[in-house]
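J.: Turn this into a model:
(one chain, ligands or ions: 2)
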Amino acid sequence: MDDTPEKRPTRRGLLTAAGAVLATPALAGNPKNLPPNLPEWTRALGDGVAVRAYGQPSKHEAHVIRRDVQWLTASRESSVSFTPLHELDGIITPSGLCFERHHGGIAEIDPADYRLIVHGLVEKDLIFTLADLKRFPRVNRIHFLECAANSGMEWRGAQLNGCQYTHGMVHCVEYTGVPLRVLLNEAGVRPSAKWLLAEGADSAAMTRSVPLAKALDDCLVAYRMNGEMLRPEQGYPARLVVPGWEGNMWVKWLRRLKLGDEPWFAREETSKYTDLMESGKARQFTFVMDAKSVITSPSPQAPLKAKGFTVISGLAWSGRGKIARVDVSLDGGKNWREAKLDGLVLDKAVTRFYAETEWTGQELLLQSRAIDEAGYVQPSKAELRKIRGVNSIYHNNGIQTWHVKADGEVENVEVS
Ligand code: MTE
Ligand code: CO
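T.: Ligands and ions are numbered 1, 2, ... in the order given. I've put the predicted structure just below:
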């Protein structure tokens, strides 16, 4: 693997050139609040405790929000909002910023009326209340959830200008829940059972078939995310967690689990969530989300504001396990250097990477390439299209290119 020939970045230049820690142009600011004056917030008492009973971000961060693309869908009830990846760091997505994908709007479930039915090829049918679920042994797991349609608009070329829109159908949170195997064992799985049907209680009654081996392996019935109860948008009070597999299978507002000896061929696994190939045939049951990555900053919504020392930052994830390595290219894939993986590198979770550089105002073609512990290497878009054609919507994990221009503005492009 080649390293780029440019010289390694140095932060000293910044310090000496600007006489301040960062040479980034400061926001205009009110001179009354700037040194040597005492700012207004120092001269008066602030809000007391519990005035803000449930904490909210600073009002100055009001632009850090989920966004949707209204022309993408006919209604907001069957639609998607996107995670503002370009505004985040680390690996945990704040609960209120997790992208939402609903096919029939948000079901508002009264926990007193919540029931989870287990039936089909089991020794005894069971109905659990939420309190029942909470009494079982529980585990905590950090996992990414990626919609199979993430990057789905990009099959025929660069289209949406911002990683929020091209890659924002992914989030990564800590779930608390009961291993699905514990609940299934409670009901007693009959030997002929091979598949599990999961059904949601929303108006779309989302249904998906999950192979029993996966259900018994690492799936959870989760009721908490990031420590607190699931948000209504994310399936309150309980959802299925299917680590590493396409988001559509993570049934929210989980109502029913049925064991059977074959898949159910529900709408969401026949007409939708199949991959139309060049031949006109469609691939079905492509459950695993292959390794993927994206540079979140700089990116079209996060342009470069200053020359000099620059941290390139992004996320990588794989449905096959841990991320082993991420490479970054500044020249559209001609030369690659290894990025630093920072923080926790977890199984089927997003991993944060950084690559430091000295930006002198030169144009860049930024790319990142994820390699997972199974040895799978994220393909270029050309490699992906050779096998998949351009008729697909789902499972687009091709390498993303951002064109950084001389003025620091960034655009979604493709390199041939
Ligand atoms: N479950 C139900 N009941 N209804 C839905 O519309 N959407 C699915 C899945 N589970 C859906 C559902 C899809 S396509 C995805 S990508 C994920 O939920 C999105 O989960 P999120 O909204 O928590 O991001
Ligand atoms: Co989805």
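
J.: And for the closest residue to ligand 1 within the chain, nearest residue in space, chain neighbours not counted?
T.: Of the residues in the chain, the one nearest ligand 1 is G200, at a distance of 2.2 Å by Cβ to the nearest ligand atom. For every residue, glycine as well, the C-beta is placed using N, CA and C. Once flanking residues are discounted, G200 sits nearest to M206: 4.0 Å by Cβ to Cβ, 6 or more residues apart in numbering.

J.: okay, that neighbour: pLDDT?
T.: Reading off the confidence values, M206 has pLDDT 96.

J.: what separates it from G333, distance-wise?
T.: 38 Å (Cβ to Cβ, to the nearest Å).

J.: more crowded one of those two?
T.: M206 (26 against 16; other Cβ atoms under 10 Å).

J.: Quick one: residues contacting that one.
T.: Contact analysis of M206 by Cβ atoms under 8 Å, 6 or more residues apart in numbering lists 103-104, 199-200, 248, 251-252, 268.

J.: ok, 10 Å please
T.: 102-104, 198-200, 235, 240, 248-255, 266-268 (Cβ atoms under 10 Å, 6 or more residues apart in numbering).

J.: Please verify my assumption that H171 contacts G247.
T.: Yes - between H171 and G247 there is a contact at 9.1 Å, judged by Cβ atoms under 10 Å.

J.: shared neighbours of these two, anything?
T.: In contact with both H171 and G247: 99, 144-147, using Cβ under 10 Å, 6+ apart.

J.: Among the residues you listed, which one has the most neighbours?
T.: Result: L145 is most packed of the shared contacts of H171 and G247 (other Cβ under 10 Å), 30 neighbours.

J.: Adjacent strands (with direction) for the strand or helix carrying that one?
T.: For L145, the host element (DSSP states H and E) is strand 139-146. In the sheet containing strand 139-146, the strands it pairs with under DSSP bridges are strand 170-179 (antiparallel).

J.: Let me know the pLDDT of the residue of the stretch 101-250 of the chain found nearest ligand 2.
T.: Proximity of the stretch 101-250 of the chain to ligand 2 (Cβ to the ion) peaks at C147, 3.1 Å away. Note on C147: pLDDT of 98.

J.: if we can go back for a sec, could you report the separation of the residue of the chain closest to ligand 1 from Q284?
T.: Relative to Q284, and taking Cβ to Cβ, G200 is found at 21 Å.

J.: likewise S329?
T.: Applying Cβ to Cβ to S329 and Q284 gives a distance of 34 Å.

J.: Looking at those two, which has the bigger crowd around it?
T.: More crowded of S329 and Q284, by other Cβ under 10 Å: S329, with 23 against 13.

J.: Spit out the contact partners of the residue nearest to the more buried one when sequence neighbours are not counted.
T.: Nearest non-adjacent residue to S329, counting by Cβ to Cβ, 6+ apart: Q367, 4.4 Å away. Q367 sits next to 293-295, 314, 327-334, 336, 378, 380, 399-402, 415 when contact means Cβ under 10 Å, 6+ apart.

J.: so what's Q367 bridging to?
T.: Counting by DSSP bridges, the residues bridging with Q367 are S329, T401.

J.: How about T357?
T.: Bridge pairing for T357 - DSSP bridges - gives T310.

J.: I figured it hits K307, correct?
T.: No - with contact defined as Cβ under 10 Å, T357 and K307 do not form a contacting pair (11.0 Å).

J.: These two: which has the busier surroundings?
T.: T357 (20 against 17).

J.: that older thread, report the next helix or strand after the strand holding L145 in sequence order.
T.: That would be, after strand 139-146 and using DSSP H and E, helix 163-167.

J.: who does that following helix touch, helix- and strand-wise?
T.: strand 292-297, strand 308-317, strand 410-413 (3 or more Cβ pairs under 10 Å, 6 or more residues apart in numbering; DSSP states H and E).

J.: OK, contacts around the closest residue to I312 other than its chain neighbours?
T.: Once flanking residues are discounted, I312 sits nearest to A355: 4.4 Å by Cβ to Cβ, 6+ apart. A355 sits next to 4, 9, 295, 310-314, 326-330, 337-340, 366, 368 when contact means Cβ under 10 Å, 6+ apart.

J.: Angles on the backbone of A355, please.
T.: Dihedral pair for A355: phi -140, psi 130, per degrees, to the nearest 10.

J.: Against G260, how distant is it?
T.: 48 Å.

J.: Kindly report the same for G408.
T.: 56 Å.

J.: Model confidence for the closest residue to T166 other than its chain neighbours, exactly?
T.: Sequence neighbours aside, L160 is the residue nearest to T166 in space, at 5.1 Å (criterion: Cβ to Cβ, 6+ apart). Looking at L160, its pLDDT is 95.

J.: And for L160, the neighbour number?
T.: 18.

J.: Next, the contact list for it, please.
T.: So L160 contacts 69, 72, 82, 151, 153-154, 166-168, 300, 412 (Cβ under 10 Å, 6+ apart).

J.: Quick one: buried ones out of these?
T.: For the contacts of L160, a burial check counting by 16 or more other Cβ atoms under 10 Å picks out 82, 151, 153-154, 166-168, 300, 412.

J.: any chance you could map the strands in the stretch 201-350 of the chain?
T.: Taking DSSP state E, counting those that start in this stretch as the test, the strands found in the stretch 201-350 of the chain are 207-211, 220-225, 228-229, 239-241, 254-260, 275-276, 282-283, 292-297, 308-317, 323-329, 337-338, 340-342.
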